[in-house]
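Asker: Got a predicted structure plus its sequence, pasted below:
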Amino acid sequence: MKGLKFGSKVIFVINSLVAFLLLVSYILPYISPKNFATLSVLSLSVPLLILLNVIFFIYWLLRVKKQLLLSLVVLLLGWNYISSMYKFSSSKHIEDSDNISVMSYNVRLFNLYSWIPSKTVKNDIVDFIYKEKPDILCLQEYRKDDPITLDGYYNYNATHNDSVKRGQVIFSKFPILNSGSLEFPNTFNNGIFVDIVKQKDTVRIYNLHLQSSGIKTDVEALKNETSNHLFNQVGSTFKLQQEQVELFLKHKSKCKYKTIVTGDFNNTAYSYIYKEIKGDDLIDTFEKAGNGFGKTYDFKFFPLRIDFILADKDFTVNGFKTYDVLLSDHYPIKAILKL
C-alpha cells in the first residue's frame, strides 16, 4: 500500500475484507449447513458482495491505482456467480406450438393481513394470471380456506396442514395423472407434485416452499435485531432447508419422468440448498433466457433471486420473464419450455 494516503489505505483494507468474503462465498455451495450453519449464512450476502467489489474496482480504476486488481481478480474467479446474478443479454421469446409455459408465484396469502394498502389484491392476482395464461401455475403461500377458481385448469392442492399459512397449489391446463405431498415435518412449509400429460409426454412438476427465516426485511425491524440472533436464526433455517431438500431429493430419485422444479427456495443461487436441488440434471431457466437482475423478492438493500424454475436438461428454454408486478413480497416468474 505504499504511495497511498491514509484514507485510501483504510478504503483498501475494507476492500480487502469484502474481496476475501466474496472469495470465501465461492465455496459455500459445497458446505453443508448442518456442518457449518453460521458460515452458510454468508450466501445471502453474495449479491451485495459482488456489487461492493464492482464499486471498489471502479473506484481504483478511476484513480488509476493497481489496487483495482484485487476486486478484478476475485470477480473474474467468480464469473459464474456474476452471470447468475445479472444477465447481460437474453434470448428472445421463441414461439413454438410445443411450448409449455410455467409460472411460479408466492402470493403471500393474497394479502390476508393487508401488507399492501389495497382491497383488490386477490382479484388483481387472478386478473394477472388470466392475462398471462400459463399452462402450468405453481403458487406458494396459497390460502386453502379462500381458494381461487381458474376456468380451464385442473388443480391439486395438498391438505398438508389446515392452517391458512404456507399452502401450495398447482394449476395445469393439461390432465393430472398423479399428485401428492412431500409432507415436510414440523413446519407450515411443504412441497407438492403433479404428473401432467402433454400429448404423449408425461412430466413431473414440483412446487416447493422451503423454510423461511422469518426475519423482517424493513430497516426499522432490522435495527432491533442483533447480529448474533440473525446469524443463529438464519443458520437454523438453513439446517431445516437441508432436511427438506434431502426429503425432496429422495422423492425425486424415484421419478422416471422429465422434471420441472419450481418454487420459493428462500435461498439464493449461491447456496448449498440451490446446488443440491439443481444437481447435474436440471438447468436454471433464468440463466438460460432471463434478463437483468432477475429479482424475485422485494428486498430494499440489494436484488435477491430466491424463486426459481428449474427444468430437466432435455427441455429447451425458449423464454423467461420476471414480472414487475408488486402484489406480494415476491415477483412472479415464467419460463417457456419445449420438450
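Answerer: Received the coordinates, thanks. Keep in mind that what you see is a predicted model, and the values were worked out from it rather than measured.

Asker: Okay, domains of this structure per the record?
Answerer: Split into domains by automatic domain parsing, the chain comes to 6-85, 99-338.

Asker: looking at this, Glu287 is in a strand?
Answerer: No - assigned with DSSP: H, G, I helix; E, B strand; the rest coil, Glu287 falls outside any strand and is helix.

Asker: So which residues make contact with stretch 292-305?
Answerer: Applying C-beta atoms under 8 Å, 6 or more residues apart in numbering, the set of residues contacting stretch 292-305 from outside is 44, 47-48, 51, 85-87, 217-219, 268-269, 286, 306-307, 322, 326, 328-331, 333. All C-beta spots, glycine's among them, are computed from the backbone N, C-alpha and C.

Asker: that older thread, okay if I get the domains of the chain as JSON lines plus mean pLDDT?
Answerer: Output for the domains of the chain, formatted as JSON lines (pLDDT from 0 to 100):
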{"stretch": "domain 6-85", "mean pLDDT": "91"}
{"stretch": "domain 99-338", "mean pLDDT": "90"}
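
Asker: which residues touch the strand or helix carrying Ile309?
Answerer: Ile309 belongs to strand 307-312 when assigned by DSSP states H and E. If you take C-beta under 8 Å, 6+ apart as the criterion, strand 307-312 is touched by 102, 104-106, 258-265, 269, 274, 277-278, 281-286, 296-297, 317, 320, 330-331, 333-335, 337.

Asker: and it, how far from the chain's centre?
Answerer: 9 Å (C-alpha atoms, centre = their mean, to the nearest Å).

Asker: Direction included, what does the helix or strand Met103 falls within pair up with?
Answerer: Counting by DSSP H and E, the element that carries Met103 is strand 99-106. Strands that pair with strand 99-106, judged by DSSP bridges, come out as strand 136-142 (parallel), strand 333-338 (antiparallel).

Asker: what's downstream of the longest one, the next helix or strand?
Answerer: Yep, that's strand 136-142 we're talking about. Strand 136-142 is succeeded, C-terminally, by strand 154-156 (DSSP H and E).

Asker: partner strands of that following strand, parallel or antiparallel?
Answerer: By DSSP bridges, strand 154-156 pairs with strand 167-172 (antiparallel).

Asker: sorry, back to before: buried residues in the strand holding Ile309, which are they?
Answerer: For strand 307-312, burial by neighbour count (16 or more other C-beta atoms under 10 Å) applies to Asp307, Phe308, Ile309, Leu310, Ala311, Asp312.

Asker: do stretch 15-24 as well
Answerer: For stretch 15-24, the neighbour count (16+ other C-beta under 10 Å) marks Asn15, Ser16, Val18, Ala19, Leu21, Leu22 as buried.

Asker: One more: stretch 286-302?
Answerer: Phe286, Glu287, Lys288, Ala289, Gly290, Phe293, Gly294, Lys295, Thr296, Tyr297, Phe302.

Asker: Then stretch 63-70?
Answerer: Gln67, Leu68, Leu70.

Asker: how about a markdown table for those, with secondary structure added?
Answerer: What follows is those, written out as a markdown table (three-state DSSP):
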| residue | secondary structure |
| --- | --- |
| Gln67 | coil |
| Leu68 | helix |
| Leu70 | helix |
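
Asker: Out of the residues you listed, the closest to Pro29 would be?
Answerer: Leu70 (23.0 Å; C-beta to C-beta).

Asker: What residues does the residue nearest to the closest one when sequence neighbours are not counted make contact with?
Answerer: The spatial neighbour of Leu70 that comes closest, neighbours along the chain excluded (C-beta to C-beta, 6 or more residues apart in numbering), is Ala19 at 5.2 Å. Listed by C-beta under 8 Å, 6+ apart, the contact partners of Ala19 are Asn53, Phe56, Leu70, Ser71, Val74.

Asker: Taking the residues you listed together, which two end up most distant?
Answerer: Phe56 and Val74 (9.6 Å).

Asker: Met247 should be in a helix, yeah?
Answerer: Residue 247: Leu, not Met. Yes - per three-state DSSP, Leu247 lies within a helix segment.

Asker: Return the distance of it relative to Val24.
Answerer: Per C-beta to C-beta, to the nearest Å, Leu247 is found 29 Å from Val24.

Asker: Asn190 now?
Answerer: 33 Å.

Asker: How about Lys321?
Answerer: From Lys321 over to Val24 (counting by C-beta to C-beta), the distance is 33 Å.

Asker: Run the chain-centre distance for the strand holding Met103.
Answerer: That offset, for strand 99-106, works out to 14 Å (C-alpha atoms, centre = their mean).

Asker: And stretch 242-260, by the same measure?
Answerer: On C-alpha atoms, centre = their mean, the centre of stretch 242-260 falls 18 Å from that of its chain.

Asker: can you tell me the distance between the two ends of that stretch?
Answerer: Stretch 242-260 has an end-to-end distance of 20 Å (C-alpha to C-alpha, to the nearest Å).

Asker: what angle separates the strand holding Ile309 from strand 99-106?
Answerer: Relative orientation of strand 307-312 versus strand 99-106 (axes from the mean of the first three to the mean of the last three C-alpha atoms, to 10 degrees): 150 degrees.
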